[in-house]
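Peer 1: Dropping a prediction and its sequence here:
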Amino acid sequence: MIAALFTGLAASPWARAALRYGAIAIAVLLFLLSLRRAGERAGRMAERLETTEKTNDVQRRMLDAAARRPRDSDDLADRLRDGRF
């Protein structure tokens, strides 16, 4: 029954054109949705990269500060006397 109805619809040139344009519209819609998801994914990855860069910058500054710290109390006293702290 349904196959006969579909065969009858597909036999009409107008129905074939409608089915063709419908299939094209669905394909374009799916493509646009795919692009949107890819854009969202790229945005999340860019945000994650920015956060990682900020974290690495903070850690690098902490390591630089630790490398410049006074080695012992005598070094600290010398720095305080010289005004280099």
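Peer 2: That came through fine. Keep in mind that this is a model prediction, so the values were computed, not measured. Numbers count the residues shown, from 1 in each chain.
Peer 1: Output the contacting helices and strands for the strand or helix carrying Lys54.
Peer 2: Lys54 belongs to helix 13-67 when assigned by DSSP states H and E. Applying 3 or more CB pairs under 8 Å, 6 or more residues apart in numbering; DSSP states H and E, one finds that helix 13-67 contacts helix 2-11. For the C-beta atoms, the positions are set from N, CA and C on the backbone; glycine is no exception.
Peer 1: for the record, mean pLDDT for the helix it packs on?
Peer 2: Taken as a whole, helix 2-11 has an average pLDDT of 61.
Peer 1: One more: stretch 73-85?
Peer 2: Mean per-residue pLDDT for stretch 73-85: 84.
Peer 1: Provide the count of other residues in contact range of Pro70.
Peer 2: Neighbours of Pro70 under the rule other CB atoms under 10 Å: 14.
Peer 1: How is it assigned, secondary-structure-wise?
Peer 2: coil (DSSP: H, G, I helix; E, B strand; the rest coil).
Peer 1: Can you name the residues that contact it?
Peer 2: By CB atoms under 8 Å, 6 or more residues apart in numbering, the contact set of Pro70 is 76, 79.
Peer 1: Start the count at 16 instead of 1 going forward.
Peer 2: With the count now opening at 16, the last piece we talked about shows up as Pro85.
Peer 1: separation between it and Leu95?
Peer 2: Computed as CB to CB, to the nearest Å, the Pro85 to Leu95 distance reads 9 Å.
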